[in-house]
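Need the 3D shape of this:
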Amino acid sequence: MSFTMFVTWVLLGVLGGVLAGLVAKHGGHGLKTDIILGLVGSIGLSWIFRAVGIFPSAGIVAMAFVASIGAAVAIAAQRKLRPTEQPGESAGTVWRWGLGAALGAAVVWMTLLPSVQPVATAASVVEDKTYVVTPAAMKVKAGIVTGELTNLKVTERVEQGTGRVVSPAKLTASLLLKNSSTSQTVRLVTGKIQYIDTAGQPIKLEDMRTEPLLKFTSYGGGDRLDPGQDATQSVDVDFPAEALKAKKLKEIRLELAYIPSPYHEETVNFVVSIERQ
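Numbers count the residues shown, from 1 in each chain. Reported below is the predicted structural model:
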């Protein structure tokens, strides 16, 4: 049973009590008694129908009809079994009709409410808000590993109009790394990006956001760069909201960790002979 249906039972019980003094003026015990009888009959008969399982899937309109019958039966039974000898109320007829009309309108609204389709609301528009990083490229050098970060930009997804942040800011770029050695192989371990403020201190990410680390798994030979070899990969890491404030971010640092090892290139000579068939 829904809350709307129960409220409809109550309204119909009160409506029956109000209208009882107008329809059956003689034999009643007053407005208060009529309303109580209407509530008992409306809620009681409706509850019995629901409990016994009669029309278990009946909608609110059908149950409103049952509630109306219950209220009418209870009031009619009182008029028949225990009528009063007092004359019917002559005063307050206009007031009763006004209240009855208001209750009737409320009942109609409650019973028709579930069938009214909600008005479709316009879906919110989400757009990418891009911040310019100056300069948009920077050189990278860590021992024998050199390279460059290019196409640096910060993007966050916001709701158009309200400016509400849907997806927190991300730093994206393209990273080119090269092994400048002629005799060492490099196994790339990790890369850590740091955001430094104007005071030279790292700017921390908000709680529950991922530390901006790079994993070198998209290179042609896994995470290995042989002498003179270079490779490119995309960078897509979290960017702190604090760094978006004007003049808050001073620089972006990239710390590389790698393991060098001697690179051996050997020549194998073997003797072959060719015989004419």
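
Check the secondary structure at A77 for me.
Under DSSP: H, G, I helix; E, B strand; the rest coil, A77 falls in the helix class.

V235: helix or strand, and which one exactly?
Using DSSP states H and E, V235 sits within strand 230-238.

name the helices or strands packed onto that strand?
In terms of contact count using 3 or more C-beta pairs under 8 Å, 6 or more residues apart in numbering; DSSP states H and E, strand 230-238 is assigned the packing partners strand 165-179, strand 213-214. Where C-beta positions appear, they are placed from N, C-alpha and C, glycine not excepted.

can you give me the mean pLDDT across the helix or strand that comes right after the longest one?
Elements were assigned by DSSP H and E; along the chain past strand 165-179, the next helix or strand is strand 184-197. Average pLDDT, strand 184-197: 90.

tell me which residues in strand 184-197 are buried?
Of the residues in strand 184-197, those with enough neighbours to count as buried (16 or more other C-beta atoms under 10 Å) are 184-186, 188, 191, 193, 195, 197.

name the helices or strands packed onto it?
Using 3+ C-beta pairs under 8 Å, 6+ apart as the contact criterion, the elements in contact with strand 184-197 are strand 165-179, strand 213-214, strand 224-225, strand 249-262.

Partner strands of the first one and their direction?
Strand 165-179 sits in its sheet next to strand 145-159 (antiparallel), strand 230-238 (antiparallel), going by DSSP bridges.

can you state the direction angle for the last one and strand 249-262?
So the one you mean is strand 230-238. Calculated by axes from the mean of the first three to the mean of the last three C-alpha atoms, to 10 degrees, strand 230-238 forms an angle of 140 degrees with strand 249-262.

Show the average pLDDT along strand 230-238.
Mean predicted lDDT for strand 230-238 stands at 90.

Stretch 128-148 too?
Averaged across stretch 128-148, pLDDT comes to 90.

what's the answer for stretch 202-212, then?
87.

Setting the sequence-adjacent residues aside, check what's closest to V140.
For V140, the nearest residue in space outside its immediate sequence neighbours is G147; the separation is 4.2 Å by C-beta to C-beta, 6 or more residues apart in numbering.

Look up which residues are beta-bridged to that neighbour.
In this structure, G147 has the following beta-bridge partners (DSSP bridges): V140, L177.

could I get stretch 204-224 in PDB with only the CA atoms?
Taking only C-alpha atoms (Å, rounded to 0.1, in the frame of the first residue of the first chain), the coordinates of stretch 204-224 have been written out as PDB:
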ATOM      1  CA  LYS A 204      48.900  17.500  -3.100                       C
ATOM      2  CA  LEU A 205      46.000  15.800  -4.700                       C
ATOM      3  CA  GLU A 206      42.600  15.700  -3.000                       C
ATOM      4  CA  ASP A 207      41.700  12.600  -1.000                       C
ATOM      5  CA  MET A 208      40.700   9.500  -3.000                       C
ATOM      6  CA  ARG A 209      42.600  10.600  -6.100                       C
ATOM      7  CA  THR A 210      45.500   8.700  -7.600                       C
ATOM      8  CA  GLU A 211      49.100   9.700  -7.300                       C
ATOM      9  CA  PRO A 212      50.300  10.800 -10.800                       C
ATOM     10  CA  LEU A 213      52.600   8.000 -11.700                       C
ATOM     11  CA  LEU A 214      53.600   6.800 -15.200                       C
ATOM     12  CA  LYS A 215      54.000   3.100 -16.000                       C
ATOM     13  CA  PHE A 216      56.100   2.300 -19.000                       C
ATOM     14  CA  THR A 217      54.300  -0.700 -20.500                       C
ATOM     15  CA  SER A 218      53.300   0.600 -24.000                       C
ATOM     16  CA  TYR A 219      56.800   0.700 -25.500                       C
ATOM     17  CA  GLY A 220      57.700  -1.600 -28.400                       C
ATOM     18  CA  GLY A 221      59.900  -3.800 -26.300                       C
ATOM     19  CA  GLY A 222      58.000  -3.600 -23.100                       C
ATOM     20  CA  ASP A 223      59.700  -1.200 -20.700                       C
ATOM     21  CA  ARG A 224      63.100  -1.500 -22.400                       C
END
